[in-house]
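Trainee: Sequence plus the predicted model coming up.
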Amino acid sequence: MATGQKASLSQVITKNREVALDKIRNIGIIAHIDAGKTTTTERILFYTGRTYKLGSVDEGTTVTDWMEQERERGITIVSAAITAFWELKQESCVPKGEYRVNIIDTPGHVDFTAEVERSLRVLDGGITVLDAEETVQSQTETVWRQADKYHVPRIIFINKMDKLGANFEGTLAAIKDRLGSKPVVLAVPIGSEQQFRGIVLVLERKALIWEAGPPAGGAGETGGTYSEEEVPEDLKAMVEKYRSQTIETISETDEQLLEKYVGGVEPDSTELKTALRAATIKTELFPTFCGSSLRNKGIQPLLDAVVEYLPSPIDLPPVKGVWDGQEEERRVGNEEPLSALAFKVQTDPHVGRLVWLRIYSGKLRAGQEVFNTTKNRRERVGRLVLMHANQRELIEEAYPGEIVAGVGFRETVTGDTVTDSAHPIVLESISFPEPVISLAIEPKTKADQEKLGEALGKLSEEDPTFRIKTNQETGQTIISGMGELHLEILVDRMRREFNVDATTGAPQVAYKETVTKVAEGEGKYIRQTGGHGQYGHCFVRVEPKGRGEGYEFINKIKGGAIPGEFIPAIGKGVQEALSNGILAGYPMTDLSVSVYDGSYHDVDSSEIAFKIAGSMAVQDAAKRAGMVILEPIMKFEVTTPEQFLGDVIGDLSSRRAQIVGTETRGHYRVILGYVPLAEVSGYTTTLRSLTQGRANAYVEPSHYQEVPANITEKIIAAKKS
């Protein structure tokens, strides 16, 4: 059988882009680091005819990992979009023919979680790639929850069936247990580890056997061809077991099928696929396949499944938003009013500032004036481009269901909605986690000073989890991010892309402060300077809130004790004081501040006076409210050979870790728990030395919790020194 239609790059790109909406699939590839996302994407591009040569992560020749840092480290750092076409040849629940598949390959490392978050917000479906030996890993759980949040339908691909320790049934059990989801087995492996040679499609009772080994490489590769055979005798019982389970699970989602099934009549293949497609789109069921991307086995059936089970833009409900306090919705269609969501900003060395857009309704044309409803600003789209990894294709018009990038936007940033001015709507934005680690950065020379500010500004525009602030006391520039690797990559990008040489200090934990009890405080600011003086006076009450609930300012003034025009000024003063910290200089969170009384002077009161009074009042109240320091706690997963288990647990305990359990995974033991971020600096090096380099650790931000009293004293002392 052929591996897929081959065409030149220009032929693929310049195909008629106005594809019927039901023939479009917008999908993302999501998974834990090293599960094989980028390799799977490379195989998809090869078998769809999008590329001629199979890219390798190890050799740094992949299409979607195009940044120098990605190729050097063998990891994905930024999400990359690319378009391919796949022809469905068999009868199914959707028409046969050619489909356009827009793919976004996302990072697996937790430090780049913002790339996953924003991609999932605009995708219609996804492929979750699992490692058949590691089963469901921590980052898989994280991205699965992110996909749940945005109701993204998914197909599961159990990859690396050729790997030592591959466990198909164990992975299925982990999907049910750790993800709490219902996998629907549509393919089972023929052999595993070195004996893995193909799959059986359970509904069709058809065995697909691939050629042994990877293709030789070079132009015109034809590896990955397969033949259809009868189900091997030793697998027939297993196939029938899964087939029966699959038919029953699908039938339970459809009343007519269930009636048939209970009556002893087996629904036909098209009926089952139609019901499974509907249940997948509702995220009730998850079609599950298996294979080995590296060995080119299992990709073609996976592509068929993308077309068959994942939704087109018209399969999803109309997108909803608000305008002027009223809920609005936009249906997919060329003639509908324009609505699009900006989900990424990128600085391109050739064309400048690119804003990536997912178009939900209407058409967008190059040169068109649009309305940014989030910022209430008009913008003009200079040019439109389709992104193919780091290549760009100029286009004149973009249609619903497309993911494109616009040149010429000045103020539009991630999360903004773009519409035509006659039909405004604000779509749901994108939320990102707070940074957990910081470091000081300063230019090496005066010449770098100006360039540093510009580079930081552009990078923070691109990455919503990268924050910049100036320490008022020292004048230092502080950058914050999701982890040491995140900041290391950004500093490296400054050097390579913006020619800025900078020195950085040691990473600092992003502590926060909060209160533990209710307290009240007074702020009175009086200054006489000849002529008009200054007068501001207010009383505030601080109250603790739940962990992670943030800050809230409440106006409880009654009877005009303070005129309404001065309340926002008090709020600004309160917020400034809280952002600079009161106990040890760390920003305050998880509290509400209510202004409930005060007084004013007809002549001398001003906004600046009440701003200062608000700052004084909240500092007065906070000092009586049982202030504590909060520290970021990380969820960890350490995988180690059994013989080192005791040493690894002992070391973790010395780091104030809370171990919640251990489990066996293949030939390894996995330790699960939580540890303060302050205690994991340099942990990877220590772990390697404890285990002769055979263990690895995965750490991701979890939550904030109160620092023990003895540690608090050390933090305050260090801050004052």
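Mentor: Happy to help now that I have it.
Trainee: in the helix or strand containing Val345, what's buried?
Mentor: Secondary structure assignment for Val345, by DSSP states H and E: strand 339-348. By neighbour count, with 16 or more other Cβ atoms under 10 Å as the criterion, the buried positions of strand 339-348 are Ser339, Ala340, Leu341, Ala342, Phe343, Lys344, Val345, Gln346, Thr347. For the C-beta atoms, the positions are set from N, CA and C on the backbone; glycine is no exception.
Trainee: mind showing which ranges of the stretch 551-700 of the chain have poor pLDDT?
Mentor: Applying pLDDT under 70 to the predicted model, the residue ranges of the stretch 551-700 of the chain that meet it are 666.
Trainee: where do the strands sit along it?
Mentor: Ranges of strands in the stretch 551-700 of the chain, per DSSP state E, counting those that start in this stretch, are 551-555, 591-599, 628-641, 658-665, 668-676, 696-706.
Trainee: Now do the second one: which elements does it pack against?
Mentor: Spelled out, that is strand 591-599. strand 534-544, strand 551-555, helix 567-579, helix 607-622 (3 or more Cβ pairs under 8 Å, 6 or more residues apart in numbering; DSSP states H and E).
Trainee: cool, and the fifth one?
Mentor: Where contact means 3+ Cβ pairs under 8 Å, 6+ apart, strand 668-676 is packed against strand 628-641, helix 645-654, strand 658-665.
Trainee: So what touches that strand?
Mentor: Counting by Cβ atoms under 8 Å, 6 or more residues apart in numbering, strand 668-676 makes contact with 631-642, 645, 648-649, 652, 655-664, 699, 702, 707, all of which sit outside it.
Trainee: Setting the sequence-adjacent residues aside, check what's closest to Arg331.
Mentor: What sits nearest to Arg331 in space, not counting adjacent residues and going by Cβ to Cβ, 6 or more residues apart in numbering, is Pro318, at 4.6 Å.
Trainee: that older thread, for the buried residues of strand 339-348, which one is nearest Val404?
Mentor: Proximity of the buried residues of strand 339-348 to Val404 was ranked by Cβ to Cβ; the top entry is Ala340 with 8.7 Å.
Trainee: and that closest one, how far is that from Ile27?
Mentor: Noted for Ala340: a distance of 19 Å to Ile27, by Cβ to Cβ, to the nearest Å.
Trainee: got it, and Ala342?
Mentor: When distance is defined by Cβ to Cβ, Ala342 is 20 Å away from Ile27.
Trainee: Check Arg392 too.
Mentor: Counting by Cβ to Cβ, the gap from Arg392 to Ile27 is 21 Å.
Trainee: same check, this time on Ser599
Mentor: 62 Å.
Trainee: ok so, going back, quick one: neighbours of the residue nearest to Arg331, just the number.
Mentor: Counted with other Cβ atoms under 10 Å, residues neighbouring Pro318 total 15.
Trainee: swap in Pro708?
Mentor: Look at Pro708: counted by other Cβ under 10 Å, it has 14 neighbours.
Trainee: How about Phe168?
Mentor: Other residues within reach of Phe168, judged by other Cβ under 10 Å, total 20.
Trainee: What residues are bridge-paired with Ile155?
Mentor: According to DSSP bridges, the partner residues bridging Ile155 are Ile127.
Trainee: so who does it touch?
Mentor: Shown in contact with Ile155 (Cβ under 8 Å, 6+ apart): 125-128, 280, 286-289, 302, 305-306, 309-310.
Trainee: ok, now Arg154?
Mentor: Counting by Cβ under 8 Å, 6+ apart, Arg154 makes contact with Ile30, Gly125, Gly126, Ile127, Thr128, Trp144, Ala147, Thr280, Thr283, Phe286.
Trainee: could you point out which element follows the helix or strand of the chain with the lowest mean pLDDT?
Mentor: The helix or strand of the chain with the lowest confidence, counting by mean pLDDT, DSSP states H and E, is helix 9-13 at a mean of 37. Going down the chain from helix 9-13, the next helix or strand is strand 24-31, by DSSP H and E.
Trainee: Paired strands for that following strand, with orientation please.
Mentor: strand 97-105 (parallel), strand 125-131 (parallel).
Trainee: Between its first and last residues, how far does stretch 285-303 reach?
Mentor: With Cα to Cα, to the nearest Å as the measure, the ends of stretch 285-303 fall 18 Å from one another.
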